[in-house]
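Asker: What follows is a predicted structure for the sequence shown.
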Amino acid sequence: MSLADLDPILQAPKRLAALALVVNSQEVDFGFLREHLGLSDSDLSKQMSALEKAGYVKVVKSGLGRGSTTWYRARVKGMSAFKKHMDALNALAQDAAPTPST
C-alpha cells in the first residue's frame, strides 16, 4: 500500500468520518450525522453532497417541508472505497511504526 492508494474524496476528515458512520449502519439520518460529527447543517450538507456525487452514498428523502428527513445509505462503491482507504491508512501507519529492538 502507498499514498496512491488513499482515496482523494476520503482524505477530507469530515467526509471520512461521515462515511464511517454510514458504512457501519444500515442507514443514518442527517440529524444523527450532524450530532455525532458536530458539524453545521451547511457543512454536513456539503460533505454529504460530495459523497453522493462520488457514488459512495445513496440519499433518500422522506416527508415534505419542515417535517422531512434525509437518510443516507452506503452504496457498494462507498463501502469498497472506505475499506480500501482504511487499509491504505493502516498499512502506512504500520510501515511507519518503529520496530521493537531485540
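Answerer: Perfect, thanks for sending it.

Asker: quick one: the helices in this protein?
Answerer: Assigned by DSSP state H, the helices in the chain fall at 13-23, 30-37, 41-53, 76-96.

Asker: Out of these, which one sits most buried?
Answerer: The highest average neighbour count among the helices of the chain, using mean count of other Cβ atoms under 10 Å, belongs to helix 13-23 at a mean of 19. For glycine as for every other residue, the C-beta is placed from the backbone atoms N, C-alpha and C.

Asker: counting contacts, what elements does that one pack onto?
Answerer: With contacts defined as 3 or more Cβ pairs under 8 Å, 6 or more residues apart in numbering; DSSP states H and E, helix 13-23 has these neighbours: helix 30-37, helix 41-53, strand 69-74, helix 76-96.

Asker: List the strands paired with the shortest one, with their directions.
Answerer: On the basis of DSSP bridges, the sheet neighbours of strand 69-74 come out as strand 28-29 (antiparallel), strand 57-62 (antiparallel).

Asker: Mean confidence (pLDDT) on the first one, please.
Answerer: The average of the pLDDT scores along strand 28-29 is 96.

Asker: can you list contacts of it?
Answerer: With Cβ atoms under 8 Å, 6 or more residues apart in numbering as the test, strand 28-29 has contacts from 21-22, 69-72.
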